[in-house]
Each structure stands twice: as structure tokens, then as C-alpha cells.
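In: missing the sequence, but the structure's below:
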Ligand code: ARG
């Protein structure tokens, strides 16, 4: 409709090109201002006439040639030209499109590859709420880009290498045992890691020992690598429990250690390209010119560090996956770090540095002490997810005790609540987390949207219809509430594109919420099942499409909508 309108307007506007016309077109929120408005203010200067007169003149000309099958009416008010869509035509078109199984899919990304580096927790450290965020955001971006036809490569860049392992080995040998690690897993590794730092304050030798163990690891010492691999396996078991709760999978679990044999080549290349500078025994890339601190490449003892592993990773991914974009989802404290690394890639002469994208997210603020479990301030993501599921189950027991498959529904609701809360705002914004708000069935929450979707599904079940055997008549859906739903449904493909272009799932989360709210208005206002046959069928089709789109939008966020709640 928009294209039709742009072409129509273009016939009367030599002053503007078609893109300018498209950019000017608005979709007014007040129904009496039509479905599309064209503001004449910017034309006023060019034509030396008032916006009112321009709008009035345009109206008189356009009115004569207006295709009434598309637009019912056009009027001019306050310097705007307002177009009223032929509702029946429009409803027919939107609902037919939306009934298609592929509604929302596109081929924008056909033949293109996007790598997403997300989750990426650190071995032997707890999977904290920050890691939960990157996992949730990355997974949603994966769903969104897949919907657009991209080939998406999901990479879990595990933090499985670095000096911390030297410390851990020393700590393990001094203060832990096989039994304790086996019994308590990451919690035990964390305990001794914290202990190492406390002890090292009074005993600096410990630091030297740790460094020596890390150098041993880098030199492939058998004992060092055995302990490392054991800690690795233990950590992965715990991480996998979380991925299972979230239903998240990866194509590659290639962590930092995967790149070890590719680091020397990077150092040579940097040297060859005259980018390396010696600084107190270490090697750095000077970024002073770009107002950034230097990027450390190797340490004075020759051991590798995070940045050089990331540079090697980028070159490897470019060669292996030939990505069109490589996206990193991490906390915002790594913003400077990624600017440095991307700058080094640019200085190395790789023009694709432009396709490296860092998506930083805000912090999570958790309510009171309740969430700060076991080890003081350490909050385990797994405990939060399990607590959410437990609370969701309690609500079900209270509200709908006879529900079938309660455990699974509680899982979808509890986990969905956490995911929705993470994705409802722009990524960079900090997340406030309180149980009452996150799990509230009446708030701007996941459970509210899921509940609405279940309500729509229940209407469909009760009506006993087979959606393929009934048809709608657009005439029955021209009232304000139904029409509002239709308009919203028509926006779904655009909302997906917007989320994809801006790396922001929140457009989809907000959209799902709005669609749910709008459906609830419709549901409360009208009787669906008890209406006359033709009206009933039309409303049922609209109900069917609404729940289908809500379901689909939620699945892009990584949230399941249960049949019943
Ligand atoms: N392991 C890091 C952390 O927990 C995140 C890694 C992000 N990805 C990367 N390629 N550097 O903070």
C-alpha cells in the first residue's frame, strides 16, 4: 500500500524523488487522521506556498484519480494530506498474507553468512547473570537472522585459556582435592580461586608459581593439560545444564584454546606489517593515535593473551566461514577492548574490519539479598532459572492445579519470564530484576504475553473449528478493535527487519506485548464464539492469526508459548 501511495504522490510532486516521499510518509496513531499521512511542510519552502494550500491542492488533484479499491478517501487537514485505506481490501490482503506459513520470513540474508559470538562463559568460573544475558540476546539474534534467510554460525567462544588456569592449578594442589572438585564442581573451583588471591597477597611466590604453571600449559606439559582438561569437562557439564534449560545450542564450542596454534602466525604478521612495538619486554600495538590505550599482544614471559587470541579468531572465522558480518555480544565493560581489537584488524589492512560488530549489553541489577546465594555476592544463572521455574509452578498449582504437563509449562513460563525481561528494553540499558515484576501475569511480561496467547488458543479449541475449513469476510472486521489488530499484524515483517537491522530484539518483544494487549481489548469487547456464524468465523480467523504471530514473535525471542497455562 505504501509503495502504491508513493507512486501516486510522485505523479503530482516533481519536487521530490520517490525515496524522499517514502521517508516523509507517516502512519498516524489517531484513526481520524487516516492510515497514512503526508506532511506538506518541507514542500512549503520549495513551492513558496503554505502547507495548508499545498495539501488542499494535492487533495483536489489526487482525489480524481484515486483508486477506490485501495484508498477510500483522502482529505487535507493542518498541512497534512491524509489517506484512508479501503479497509476491506486491506484486511483481505493482510490476513491472506498472514495465513501463509512463511509469514514473517524473508530472503534478505540469502547467500550471506553471519557469525555470532555469544554466551562464551569462562571455564572454572560461574555462569553469571551477564552470561545469561549474552546467551539470551545471541540466541534471539540467531533466530532473527535465520528468519531472514541468513546462514548463521553460532559460536560459543569459551574462556578456556589464560593465566587464571595457572592460578587454579596452584590453588588446587594446595587447598583442594579430587573428591571436593568432583563433589562441588565449579563452586569448588571458585572457592579455591578466591582463596588463591587472598593468599597471594601475603605470599607473592604463589603468583610466580601460577605463571610457571601457565607457561607449562602453553608448552603442552602433560600434567598441566590433564588438570586443565578435567576442569574444562566439569565446567561444560554445568554450562550444558543451563543451555538445556534455555533450549540454546551452538554450532561451535571453539574456545580460546582452539586458536593456540594460530597465534604465532598473527604475531609474525603484525611484525611484518610493522605494527608491533616492544614495551618493557612485552609486545604491543600502539593505538595512541586513535586515542586508545595500546593493545597488548604478548607478555614479557612470552605467554599469550586474550587480544591476540581474538585477532587469530577473527582471521580464522573470516577464512573459514567467509562471514559477511561477525557479531560479538558481551557486557559493555568490553567496549574499549573490542574497539582496540577491531582497530588492529583495520591497521593490518583488512577492509572487513567494518563488518565486525560489538553489541554491548547493560548490567543486571538483582533484587535484595535473596538472590545472592551461597558465596556472598556470586549469583548463579542456573539458580535464577530454577527459581523462576519453581515460582511459575507454584502459580500454576494455585491457579490451575488440574493443568496437564505442569512441569513443562512451568519451565516455559519461568524461563520465558527471564528471557522476556532481558529483551524488552534496548540491549545497552541495565536490567532491573525483581521477582514480582518479572513473573507478573498482568505486567509487561513474558507470562502476560504467553497467557494471552493461551487464551486465544483456548478460544480456538472451544470453537471446535478446523481453521482450514472456515473463511473470513473482511466486512466483519472493519470495526476499530479488529482493524487495529489487522494493522498490527501487517507490521510483523517490518518489525523483524527493524530488530535485525538494529541488533535489537526488543522491537519484537515490544511488538508481541502490544499485539497481546490489543488482542485482549478485542477479546473483552466482543463475543467471539457466540457471534453469528459469519462474524464468528471472521473473528476466529483473526484470533487464529493473532496467536500464530504472537507465538512466532515469542519464538524469535527464544520463548515458548504453552497451549494452556
Ligand atoms: N569469556 C569472555 C567473558 O566471559 C567473553 C568472550 C567474548 N568473546 C570474545 N571473542 N572475546 O567475559
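Out: Cool, got the structure. Being a predicted model, the structure only gives us computed values, none of them experimental.
In: name the helices or strands packed onto the strand or helix carrying residue 344?
Out: Residue 344 belongs to helix 335-347 when assigned by DSSP states H and E. If contacts are counted by 3 or more C-beta pairs under 8 Å, 6 or more residues apart in numbering; DSSP states H and E, helix 335-347 sits against strand 295-298, helix 306-321, strand 356-361. Every C-beta, even on glycine, is put in place using the N, C-alpha and C of the backbone.
In: I'd like those as CSV, with distance to the ligand appended.
Out: CSV is the format used below for those (distance: least, C-beta to the nearest ligand atom, whole Å):
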stretch, distance to the ligand
strand 295-298, 13
helix 306-321, 5
strand 356-361, 9
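In: give me the mean pLDDT for stretch 208-221.
Out: For stretch 208-221, mean pLDDT is 94.
In: now do the residue in the stretch 1-150 of the chain positioned nearest to the ligand, the pLDDT please.
Out: At 3.7 Å from the ligand, residue 120 is the closest residue in the stretch 1-150 of the chain, using C-beta to the nearest ligand atom. In this model, residue 120 is scored at 97, pLDDT.
In: report how many residues lie close to residue 468.
Out: Number of residues near residue 468 (other C-beta atoms under 10 Å) recorded here: 7.
In: again, but for residue 500
Out: 23.
In: and after whichever strand or helix holds it, which helix or strand comes next?
Out: Element membership for residue 500, per DSSP H and E: helix 492-502. Per DSSP H and E, the first helix or strand lying C-terminal to helix 492-502 is helix 506-525.
In: confirm residue 200 sits in a strand?
Out: No. Going by DSSP: H, G, I helix; E, B strand; the rest coil, the assignment for residue 200 is helix, not a strand.
In: these two touch, right, it and residue 207?
Out: Yes. With contact defined as C-beta atoms under 8 Å, residue 200 reaches residue 207; the gap is 5.4 Å.
In: what about residue 75, is that helix, strand or coil?
Out: Strictly by three-state DSSP, residue 75 counts as strand.
In: how about it: what's its closest non-neighbour residue?
Out: Distance criterion C-beta to C-beta, 6 or more residues apart in numbering; nearest residue to residue 75, sequence neighbours excluded, is residue 82 at 5.3 Å.
In: which phi and psi does that neighbour have?
Out: phi -110, psi 130 (degrees, to the nearest 10).
In: I'd like to know how many residues surround it.
Out: For residue 82, using other C-beta under 10 Å, the count is 22.
In: residues contacting it?
Out: 28, 33-34, 36-38, 74-76 (C-beta atoms under 8 Å, 6 or more residues apart in numbering).
In: do residue 110 as well
Out: Per C-beta under 8 Å, 6+ apart, neighbours of residue 110: 149-150.
In: and it, how far from residue 498?
Out: To residue 498, residue 110 is 19 Å away according to C-beta to C-beta, to the nearest Å.
In: can you redo the contacts of residue 82 as CSV with pLDDT?
Out: Converted to CSV, the contacts of residue 82 look like this (pLDDT from 0 to 100):
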residue, pLDDT
28, 90
33, 89
34, 91
36, 94
37, 95
38, 95
74, 95
75, 94
76, 95
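In: out of these, who's nearest residue 382?
Out: Using C-beta to C-beta, residue 28 is the member of these that lies nearest residue 382, at 47.4 Å.
In: so is that closest one in a helix, a strand, or just coil?
Out: coil.
In: count of neighbours near it?
Out: 14.
In: and what of residue 43?
Out: Residue 43 has 20 nearby residues by other C-beta under 10 Å.
In: just the buried positions in the helix or strand where it lies, please.
Out: Secondary structure assignment for residue 43, by DSSP H and E: helix 41-47. Neighbour-count burial for helix 41-47, counted by 16 or more other C-beta atoms under 10 Å, picks out 43-44.
In: what is the neighbour count of residue 199?
Out: Using other C-beta under 10 Å: residue 199 sits among 15 other residues.
In: mind listing what residue 392 touches?
Out: So residue 392 contacts 409-411, 413-414, 417, 439, 447 (C-beta under 8 Å, 6+ apart).
In: what is the nearest of those to residue 92?
Out: Distances from residue 92 to the contacts of residue 392, taken by C-beta to C-beta, are shortest for residue 447, at 34.1 Å.
In: I figured the closest one hits residue 435, correct?
Out: No. Residue 447 lies out of contact with residue 435 (C-beta under 8 Å); the separation is 11.9 Å.
In: what's the next secondary structure element after the helix-or-strand element of the chain with minimal mean pLDDT?
Out: Sorting the helices and strands of the chain by mean pLDDT, DSSP states H and E puts strand 364-366 at the bottom, at a mean of 83. Next along the chain after strand 364-366, taking DSSP H and E as the criterion, comes helix 381-399.
In: whatever helix or strand comes next after that following helix packs against which elements?
Out: The first helix or strand that comes after helix 381-399 along the chain, using DSSP H and E, is helix 406-423. Counting contacts by 3+ C-beta pairs under 8 Å, 6+ apart, helix 406-423 is packed against helix 129-147, helix 222-246, helix 381-399, strand 431-433, helix 435-438, helix 446-463, helix 506-525, helix 533-557.
In: of all those, which one comes closest to residue 478?
Out: helix 533-557 (10.1 Å).
In: returning to what we had before: what about the helix holding residue 344 and the ligand, touching?
Out: No. Helix 335-347 is not in contact with the ligand by C-beta under 6 Å from any ligand atom; minimum separation 7.7 Å.
In: mind listing what's buried along the helix or strand harbouring residue 19?
Out: Assigned by DSSP H and E, residue 19 falls within helix 18-24. By 16+ other C-beta under 10 Å, the buried positions in helix 18-24 come out as 21, 24.
In: in the next helix-or-strand element following it, which residues are buried?
Out: The first helix or strand that comes after helix 18-24 along the chain, using DSSP H and E, is strand 36-39. Within strand 36-39, the residues scored as buried using 16+ other C-beta under 10 Å are 36-39.
In: could you do stretch 330-338 as well?
Out: The neighbour-count check on stretch 330-338 (16+ other C-beta under 10 Å) flags 330-332, 337-338 as buried.
In: what of stretch 486-502?
Out: 486-493, 495-497, 499-500.
In: of those residues, closest to the ligand?
Out: Nearest to the ligand out of these is residue 500 (C-beta to the nearest ligand atom; 21.1 Å).
In: distance of the closest one relative to residue 119?
Out: 20 Å.
In: give the contact list for the spatially closest residue to residue 507 that is not a sequence neighbour.
Out: In this structure, residue 507 finds its nearest non-sequential neighbour in residue 499, 4.3 Å apart by C-beta to C-beta, 6+ apart. Contact partners of residue 499, counting by C-beta under 8 Å, 6+ apart, are 144, 505-508, 556.
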